[in-house]
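In: Next come a sequence and a model predicted from it.
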Amino acid sequence: MVCRHGRLEAVGGVDLDVAAGQKVALTGTNGSGKTTLLRAVLGLHRQVDGEILVGGRGCRRAAEWAWRRRACAWIPQRPAPGRFPLLAGELLSSGGDLPEAVRAARRLGVGSLVDRPLSSLSGGQLQRMHLARAVGCVAAGAGVVLADEPTAALDFAGQEEAAEVLTGLPVTLLVVTHDRAMAARCGRVLEMAAGRLREVS
Ligand SMILES: Nc1ncnc2c1ncn2[C@@H]1O[C@H](COP(=O)(O)OP(=O)(O)OP(=O)(O)O)[C@@H](O)[C@H]1O
């Protein structure tokens, strides 16, 4: 499978099989293609040659794309507060299971912020809110979590807590991370360099 940004081949020759329930850490140098790969799995990156199947399904037709978005919870690298004055509680609700997401928000220390506009949250608080939303997505039926540096904005205690929450979910996890503690909690570690994947452990 190959992913391009225009003429640039950002991900090349990747042939990856991830078993259901496996926890995979994707590490590697800056600009090596990790985010591009994750977005391609989610169906957000469309310049892809080759096939990416999730649960045995492709992502070409509209119905398949809709299924992929429900099946995969997504934690973005730099969560944007958005252009609209969305409340944190509305973000949590969009995951499909508000009570479970609110419980996760409490566990992650941001339960008291659900009535606040997302634009008023700090970077770490926003990242915690997205983690809580992902927990709600899983409760609503998502079987895959795709997380792009989900602990990058978190303090030390938050990194531990987030790693525990994420790796404890009953899902297939693909997490881009530079956090050794997070990688250590994953059963499989892959390293990316210049668009190529290598198995580390
Ligand atoms: N929208 C874009 N248009 C053009 N090139 C892009 C675009 N997004 C990413 N790239 C390029 O594709 C390559 C892979 O980028 P990507 O964001 O996937 O890397 P990464 O491994 O996630 O990096 P980091 O660890 O810094 O987050 C880089 O060379 C980057 O400059």
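Out: The structure has been received and is ready for your questions.

In: Count the residues that sit near the closest residue to Ala194 other than its chain neighbours.
Out: Once flanking residues are discounted, Ala194 sits nearest to Ser32: 5.9 Å by C-beta to C-beta, 6 or more residues apart in numbering. C-beta here means a position set from N, CA and C on the backbone, and glycine is covered the same way. Number of residues near Ser32 (other C-beta atoms under 10 Å) recorded here: 20.

In: do the same with Met129
Out: For Met129, using other C-beta under 10 Å, the count is 26.

In: still on that earlier bit, next, the contact list for the residue nearest to Ala194, please.
Out: For Ser32, the contacting residues are Met192, Ala193, Ala194, Gly195, by C-beta atoms under 8 Å, 6 or more residues apart in numbering.

In: now swap in Cys72 and tell me
Out: Contacts of Cys72 by C-beta under 8 Å, 6+ apart are Val41, Leu42, Gly43, Val54, Ala142, Val144, Val145, Leu146.

In: With Glu160 instead?
Out: Counting by C-beta under 8 Å, 6+ apart, Glu160 has contacts Ala181.

In: surely Ala25 meets Glu191?
Out: No - the pair Ala25 / Glu191 is not scored as a contact, 9.2 Å apart, by C-beta atoms under 8 Å.

In: what about these two, which has more around it?
Out: Using other C-beta under 10 Å as the criterion, Ala25 and Glu191 rank with Ala25 on top: 26 against 18.

In: For burial, what's the neighbour tally of Pro170?
Out: 8.

In: Quick check, pLDDT for it.
Out: Here, the pLDDT recorded for Pro170 equals 97.

In: Cool, thanks, signing off.
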